[in-house]
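Q: need a 3D model of the following:
(2 chains)
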Amino acid sequence: MQSNRLGWLLLAPTLLILAMFGVFPFIYVLFVSFHQWNPFAVNPEMMFNWAANYRRVVFDAQFIASLGVTAAFVFFAVVSELVIGYALAQAFMKDFPGKAFFRTIHTLPLIMAPIIVGSVWKLMTTPSIGIIPHLLDNWFGYDLNIGQSATAAFVVTVIMDIWHWTPLVTLSLIAALVSLPPDPFEQAQIDGAGRWQIFWHITLPMIRPAILATVFIRLMDALRTVDEVLMLTGGGPGSATRYVGVHIFKEVFPRTNYGYGSAISVVVLYVTIVVCWLLYVGLIAPRNKKG
Amino acid sequence: MSRNWLYVLFWIFVSFLTLFPIYWLFVISVKPAVELFSTPDLILRDFYWKNYVDVLNDRTLRSYMVNSLVISSGNAVLCTVLGFLACYALSRFDMGGKESIFFWTITNRMAPPAVFLLPLFLLLTQVYKMGDFSLLDTRIGMILVYCTFNLPFAIWTLRPTIEGIPKELDEAAHVDGASPWRVIWEVVFPLARPGLAVTLILTWVFAWNEYLLAATLTNFNARTLTTGLSEYVTTTGTEWGIMATISVFTLIPALIVFGMVQRHIVAGLTFGAVKG
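A: Numbering: from 1, shown residues only, chains lettered A, B, ... in the order given. Below you'll find the predicted structure:
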């Protein structure tokens, strides 16, 4: 073994950059969050004010509402992606011509910048130039207006997320399904089990770790959705699609109330960590122990 | 046999749903503004390239493109090199607490980017500055800031590659009298090249696609193409054609790069997800 000093030397630049731009910002923001500080206020000085900022965050109706719509968005998006992704992964397990080609096409949305996805869907759904409102109006007489209807805007953001991220779910479930051993399935068929029974008692338990890991990753990503929603609806109409990230970008950041903004950033980070931890402890850790 | 064709039909349908939005983006980009509000036409009849000429002739947008290129290339190279050195250290040395360090680097990537906005903004404007020079709105600043999510990714994806290179090789070189520096660059580096290429390309795409941090941490000098895109969406009216064209310009490099690493990208994007 070579001397460990060289190892630390090689690691040093990485640690330095991550400390400077990943960790120190949060120590600093934690410090700022206990102060009243608005450089453009009458009194631009930084003043220690205990937990006043945090008290304001907890009673901030706008912020609480944005946490609520975020939860709804994450729930609907992740559940649909899981169901559709599983169906697509199963449809991929058979042999048919052009398989690799179709998989490549299916992967395309994944590499698109979220902001481009937002602009693509904006072009498709904006009333008067979008194709979707036009067709819905022609075929069903339904008036889709994401600029006015809160429900329509919410549903379109969920569909956009499904379009963007279902391929990720499909790919990871394909990987899980491919690696399953064939024996239990053959045995079950010999024993006369139905398709539903096989799915429920054999497939599902066997790919459960992959499903949980996928849910975990998708939840984390859905919680951080900002760019595409910002582009598509800008958080509106009203606050129908103002998810937490959008809220910070549109409402918190432009106001120069640094103390309060810092407190919100800290709270959002804290909520994310707690959600992650609960998921990990509740879903993933026990399975790993058993398996 | 006939059932196979049902699957093909099904996948043609899915591919249509996947491709249509991208196709529509292109359709809007080659339509004159006056035709946008007439009845939408599903089929593209003629091409109108003026939007493309306008975007390419726009000095501001050209400088945004250059910024995007410089920032994402600089960041990808920096992250890949630092990630390579870090993974080498993690795999070859017996440092105390290295697994905790590895895990800690990953946690940097987990935090939602929105919570970084204010902390980084305050830090760049208030703390990391010398006299009049601050990292805000500079290319070097953005290159460093993007490390918060790309460097952990590089470390995460490179580690299996580096661990997979037999330690005996560099020990042998060491015995032959090569300096550690030479071992790293002349023995390990060439062997890690395929993994490094994939990491380089993926970090490049992530940096190229980033919007949120660029929108808040740059004003003019270091603005990127993605922020330029949002500048064409205003309350007074959106220039749809230009917006679609910038989107196409932003999309094309990612598509080219995707073609290059298509087989590896699946593993890269689902990292961790398929382990179980």
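Q: tell me the pLDDT of the residue nearest to the spatial centre of chain B.
A: Compute the mean C-alpha point of chain B, and by Cα atoms, centre = their mean the closest residue is B:Phe206, 1.7 Å away. Per-residue confidence (pLDDT) for B:Phe206: 90.
Q: mind listing what B:Phe47 touches?
A: Residues near B:Phe47 by Cβ atoms under 8 Å, 6 or more residues apart in numbering or on different chains: B:Val30. Every C-beta, even on glycine, is put in place using the N, C-alpha and C of the backbone.
Q: and it, helix, strand or coil?
A: For B:Phe47, the assignment made with DSSP: H, G, I helix; E, B strand; the rest coil gives coil.
Q: quick one, grab the pLDDT at it.
A: pLDDT, read off for B:Phe47, is 83.
Q: can you count the residues close to B:Ala33?
A: By other Cβ atoms under 10 Å in any protein chain shown, 13 other residues sit near B:Ala33.
Q: contacting residues around the helix or strand containing A:Gly245?
A: Counting by DSSP states H and E, the element that carries A:Gly245 is helix A:244-247. If you take Cβ under 8 Å, 6+ apart as the criterion, helix A:244-247 is touched by A:62-63, A:66-67, A:70, A:223-226, A:229-230, A:234-235, A:239, A:268, B:112-114, B:212.
Q: if we go to 10 Å?
A: Contacts to helix A:244-247, defined as Cβ atoms under 10 Å, 6 or more residues apart in numbering or on different chains, come from residues A:60, A:62-63, A:65-71, A:73-74, A:157, A:223-230, A:233-236, A:239, A:252-253, A:264, A:267-268, A:271-272, B:112-115, B:117, B:212.
Q: okay, now the unreliable bits of the stretch 101-250 of chain B?
A: B:234-237 (pLDDT under 70).
Q: at which residues are the strands of it located?
A: With DSSP state E, counting those that start in this stretch applied, the stretch 101-250 of chain B shows strands at B:129-130, B:133-134, listed in chain order.
Q: the last one and chain A in contact?
A: No: applying Cβ under 10 Å from any Cβ of the partner chain, one finds that strand B:133-134 is not in contact with chain A, the shortest distance being 13.9 Å.
Q: in the biggest helix by length in chain B, which residues are buried?
A: Among the segments of chain B that qualify as a helix by DSSP state H, the longest is helix B:59-92. For helix B:59-92, a neighbour-count test (16 or more other Cβ atoms under 10 Å in any protein chain shown) marks B:61, B:64-65, B:67-68, B:70-72, B:74-76, B:78-80, B:82-92 as buried.
Q: which of the residues you listed are close to chain A?
A: B:78-79, B:82-92.
Q: nearest to B:Thr238 among the residues you listed?
A: Using Cβ to Cβ, B:Cys79 comes nearest to B:Thr238 of these, at 34.5 Å.
Q: how close does the closest residue to chain B within the stretch 151-291 of chain A get to A:Ser172?
A: Closest contact between the stretch 151-291 of chain A and chain B, by Cβ to the nearest Cβ, is at A:Pro209 (2.7 Å). A:Pro209 sits 11 Å away from A:Ser172, going by Cβ to Cβ, to the nearest Å.
Q: ok, now B:Ser72?
A: Taking Cβ to Cβ, one finds B:Ser72 at 26 Å from A:Ser172.
Q: and A:Gln90, by the same measure?
A: 14 Å.
Q: ok, these two, which is more surrounded?
A: A:Ser172 (28 against 15).
Q: was I right to think that one contacts A:Gly85?
A: Yes: with contact defined as Cβ atoms under 10 Å, A:Ser172 reaches A:Gly85; the gap is 8.1 Å.
Q: can you check which residues contact both of those two?
A: A:Ile211, A:Thr214, A:Arg218.
Q: which residue packs closest to the last one, ignoring adjacent ones?
A: So that's A:Arg218. A:Val78 (5.0 Å; Cβ to Cβ, 6 or more residues apart in numbering or on different chains).
Q: any buried residues in the helix or strand containing the one you found, and which?
A: Using DSSP H and E, A:Val78 maps to helix A:61-91. Neighbour-count burial for helix A:61-91 flags A:63, A:66-67, A:69-70, A:73-74, A:76-78, A:80-82, A:85-86, A:88-89, A:91 (criterion: 16+ other Cβ under 10 Å).
Q: just name the shakiest helix or strand of chain A by mean pLDDT.
A: helix A:285-290 (a mean of 58; mean pLDDT, DSSP states H and E).
Q: ok, and does stretch B:220-231 reach over to chain A?
A: Yes: for a cut-off given as Cβ under 10 Å from any Cβ, stretch B:220-231 has contacts with chain A, namely B:Leu225, B:Thr226, B:Thr227, B:Leu229, B:Ser230.
Q: mark which of the residues you listed are buried, thanks.
A: B:Leu225, B:Thr226, B:Thr227, B:Leu229, B:Ser230.
Q: any idea which of the residues you listed is closest to A:Pro25?
A: Of these, the one sitting nearest to A:Pro25 (Cβ to Cβ) turns out to be B:Thr227, at 20.6 Å.
Q: isn't the closest one right up against B:Ala215?
A: Yes: taking contacts as Cβ under 10 Å, B:Thr227 lies within contact range of B:Ala215: 4.9 Å.
Q: name the residues contacting each of those two.
A: In contact with both B:Thr227 and B:Ala215: A:Ile115, using Cβ under 10 Å, 6+ apart.
Q: is it fair to say A:Asp143 lies in a strand?
A: No: counting by three-state DSSP, A:Asp143 is not part of a strand but coil.
Q: do I have it right that it meets A:Pro127?
A: Yes: counting by Cβ under 10 Å, A:Asp143 does reach A:Pro127; the two are 8.1 Å apart.
Q: higher neighbour count, the two?
A: Neighbour count, other Cβ under 10 Å: between A:Asp143 and A:Pro127, A:Pro127 has more, with 16 against 12.
Q: sec struct for the more buried one, please.
A: coil.
Q: helices of the stretch 51-200 of chain A, start to end?
A: A:52-58, A:61-91, A:99-111, A:114-125, A:131-140, A:150-178, A:183-190, A:195-198 (DSSP state H, counting those that start in this stretch).
Q: report the buried residues of the first one.
A: Neighbour-count burial for helix A:52-58, with 16+ other Cβ under 10 Å as criterion, is recorded at A:Asn53, A:Tyr54, A:Val57.
Q: which PyMOL command selects the buried ones in the contacts of helix A:244-247?
A: PyMOL command restricting these to the buried ones, with burial defined by 16+ other Cβ under 10 Å:
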select buried, (chain A and resi 60+63+66+67+69+70+73+74+157+223+224+225+226+227+228+229+230+233+234+235+236+239+252+253+264+267+268+271+272) or (chain B and resi 112+113+114+115+117+212)
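Q: which residue ranges of the stretch 1-150 of chain B form helices?
A: Counting by DSSP H, counting those that start in this stretch, the helices of the stretch 1-150 of chain B are B:2-29, B:33-36, B:50-57, B:59-92, B:98-110, B:114-122, B:139-145, B:147-164.
Q: dump those into JSON lines; add distance to A:Ala153 as well.
A: Output for the helices of the stretch 1-150 of chain B, formatted as JSON lines (distance: least, Cβ to Cβ, whole Å):
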{"stretch": "helix B:2-29", "distance to A:Ala153": "17"}
{"stretch": "helix B:33-36", "distance to A:Ala153": "21"}
{"stretch": "helix B:50-57", "distance to A:Ala153": "27"}
{"stretch": "helix B:59-92", "distance to A:Ala153": "29"}
{"stretch": "helix B:98-110", "distance to A:Ala153": "28"}
{"stretch": "helix B:114-122", "distance to A:Ala153": "19"}
{"stretch": "helix B:139-145", "distance to A:Ala153": "31"}
{"stretch": "helix B:147-164", "distance to A:Ala153": "28"}
